[in-house]
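In: A predicted structure for the sequence below; I have some questions about it.
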Amino acid sequence: MLLTSTTLFAEPAWRNPNAKFDISKNMTTNTNVKLIVADDVQKVCEAESKKRGMGGFGYGVDACSFWDKNACTIVVEKRTSMHMLGHELRHCFQGDFH
């Protein structure tokens with residue numbers, strides 16, 4: 001019972017800044033990255049999503065990234081963390097991994 005209840009409430013691996021992942025699953029190893037530092041991340045992420053025909057998020061985001069082949073755009077706030085930036089950069093290389 002304890003094992004089951006612990007497993008049910010376990011945090012997803014992608015939220016763990018120390019979780020290992022298989023980098024060989026990268027879509028590309030040659031990616032151009034553009035970083036947008038925003039005062040209002042939600043507003044910029046929503047605008048970037050709509051600009052790309054995705055219609056926005058419909059939920060709150062702390063950061064976002066958009067990729068197309070070898071080009072990736074990351075949006076973060078002025079004060080961010082290594083985990084947040086790394087998480088979005090992983091999207092640049094691996095797409096929608098979670």
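Out: It's in.
In: Can you tell me the centre-most residue of this structure?
Out: residue 88 (3.3 Å; CA atoms, centre = their mean).
In: Could I get the full set of helices for the chain?
Out: 2-8, 41-51, 82-94 (DSSP state H).
In: Nearest approach to residue 17 belongs to which of the ones you listed?
Out: Across those, residue 17 has its closest neighbour in helix 82-94 (4.0 Å, CB to CB). To be clear about C-beta, it is placed using only N, CA and C from the backbone, and glycine gets the same treatment.
In: quick one: low-confidence parts of the chain?
Out: 1-14, 21, 28, 96-98 (pLDDT under 70).
In: sorry, back to before: how about the helices of the chain in CSV, adding distance to residue 70?
Out: Converted to CSV, the helices of the chain look like this (distance: least, CB to CB, whole Å):
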stretch, distance to residue 70
helix 2-8, 38
helix 41-51, 18
helix 82-94, 10
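In: of those helices, which approaches residue 33 most closely?
Out: That would be helix 82-94 among these, by CB to CB, at 5.8 Å.
In: For that closest one, which helices and strands make contact with it?
Out: strand 64-68, strand 71-77 (3 or more CB pairs under 8 Å, 6 or more residues apart in numbering; DSSP states H and E).
In: Which positions in it come out as buried?
Out: 84, 87-94 (16 or more other CB atoms under 10 Å).
In: Out of the helices and strands packed on helix 82-94, which is closest to residue 58?
Out: It is, among those and with distance given as CB to CB, strand 64-68, at 12.6 Å.
In: now, of the helices and strands packed on helix 82-94, which is deepest in the fold?
Out: strand 71-77 (a mean of 20; mean count of other CB atoms under 10 Å).
In: tell me the angle of it relative to helix 41-51?
Out: Interaxial angle of strand 71-77 relative to helix 41-51 (axes from the mean of the first three to the mean of the last three CA atoms, to 10 degrees): 150 degrees.
In: Cheers, nothing more for now.
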